[in-house]
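Q: please work out how this folds:
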Amino acid sequence: MQFLDILLLAPDAAKELEFFDIKLINTEDFLSLLVRFSLNLIVVTAIVIGLYAKTSKRKDFYFSFLAVSMVIFLLCFLLASVKIELGFALGLFAVFGIIRYRTDAIPIKEMTYLFVVIGISVINALANKKVSYAELITTNLLIVVGLYILEKILNLRQEISYRIVYEKIENVQAGKEEELLSDLRLRTGKNIKRFEIERIDFLRDVAYIYIFFDANGIKKH
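A: Residues are numbered from 1 along each chain as shown. Presented below is the predicted three-dimensional model:
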């Protein structure tokens, strides 16, 4: 209660409070953080839930998009006024590189959305005082509208995808792509356009495969 009383009744006194030579609060920067973080979270959520989720069944990316966006925003916002040495910057990129090379291949559309949420987070975090909130909000809206046009008006939709467990492990070999695709179409009754092998479990002799097909890709018998 005493801390809140200080903030409400004596903001100038609160600015002077320090803890280990660090200001306890900088009201202007703190409010800017809350406003920009809220704006960024609203925009990214609208893109992920409002646009991406309606054209993709890959729910495993929802968490990644939102988490990456929040971390990138806070990282850029808090380090914007800090002089980063070259060694630290190179080390940061090296960590990102290690994480990238240790993950599974990301589909092109998911990679594009990942780039979009990272770009939006960086813009919202690093926009300086020369950029008004009207310009910042307009920039975010232009990105959202642009994605909406690509998804809805131009009908550039990603195929519907399902993750299946496939037991005929002998077909999951190099040179047998056509046999595997034909067998998947026969078993599922869907006009599968392509597939991606997620991983192979040799202990159980099964493969985990993502199949991709159009919304109206069910075969008619």
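Q: the domain parsing of the chain - what is it?
A: As assigned by automatic domain parsing, the chain contains the domains 2-153, 160-218.
Q: pLDDT (mean, whole number) over stretch 132-144?
A: Stretch 132-144 comes out with an average pLDDT of 91.
Q: in it, what's buried?
A: Going by neighbour count (16 or more other C-beta atoms under 10 Å), the buried part of stretch 132-144 is 136, 139-140, 143-144. (C-beta placed from N, C-alpha, C; glycine too.)
Q: what does stretch 114-122 give?
A: For stretch 114-122, the neighbour count (16+ other C-beta under 10 Å) marks 114, 116-118, 120-122 as buried.
Q: over to stretch 63-72?
A: 64-66, 68-70, 72.
Q: next: stretch 34-46.
A: 36-37, 39-41, 43-44, 46.
Q: which ones are touching Ile137?
A: Leu39 (C-beta atoms under 8 Å, 6 or more residues apart in numbering).
Q: what about Tyr148, how many residues nearby?
A: Tyr148: 14 surrounding residues under other C-beta atoms under 10 Å.
Q: so it sits against Leu51, correct?
A: Yes. Contact criterion C-beta atoms under 8 Å: Tyr148 and Leu51 qualify, at 6.3 Å.
Q: how close does Asn191 sit to Asn171?
A: 19 Å (C-beta to C-beta, to the nearest Å).
Q: for Glu177, same thing?
A: 9 Å.
Q: looking at these two, which is more packed in?
A: Asn171 (17 against 14).
Q: counting neighbours, what do you get for the closest residue to the more buried one other than its chain neighbours?
A: Sequence neighbours aside, Leu180 is the residue nearest to Asn171 in space, at 4.4 Å (criterion: C-beta to C-beta, 6 or more residues apart in numbering). Leu180 has 20 neighbours, counted by other C-beta under 10 Å.
Q: do the one 5 residues further on as well
A: If you count neighbours by other C-beta under 10 Å, Arg185 ends up with 18.
Q: cool, Leu150 as well?
A: Neighbour tally, Leu150, other C-beta under 10 Å: 15.
Q: per-residue pLDDT, it?
A: Predicted confidence (pLDDT) for Leu150: 83.
Q: same question, His221
A: Listed pLDDT for His221 reads 37.
Q: where along the chain do the helices fall?
A: Here the chain has its helices, by DSSP state H, at 2-9, 11-16, 27-45, 53-55, 60-79, 86-101, 108-126, 133-148, 177-188.
Q: give the other helices and strands that the longest one contacts.
A: Using 3 or more C-beta pairs under 8 Å, 6 or more residues apart in numbering; DSSP states H and E as the contact criterion, the secondary-structure elements in contact with helix 60-79 are helix 27-45, helix 108-126.
Q: turn those into JSON lines, including mean pLDDT and distance to Phe212.
A: Below are those laid out as JSON lines (pLDDT from 0 to 100; distance: least, C-beta to C-beta, whole Å):
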{"stretch": "helix 27-45", "mean pLDDT": "89", "distance to Phe212": "25"}
{"stretch": "helix 108-126", "mean pLDDT": "86", "distance to Phe212": "11"}
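Q: now those in a markdown table, with distance to Leu79?
A: Below are those laid out as a markdown table (distance: least, C-beta to C-beta, whole Å):
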| stretch | distance to Leu79 |
| --- | --- |
| helix 27-45 | 13 |
| helix 108-126 | 9 |
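Q: of the buried residues of stretch 132-144, closest to Tyr162?
A: Nearest to Tyr162, judged by C-beta to C-beta, of these is Val144 at 28.4 Å.
Q: many thanks, I have nothing further to ask.
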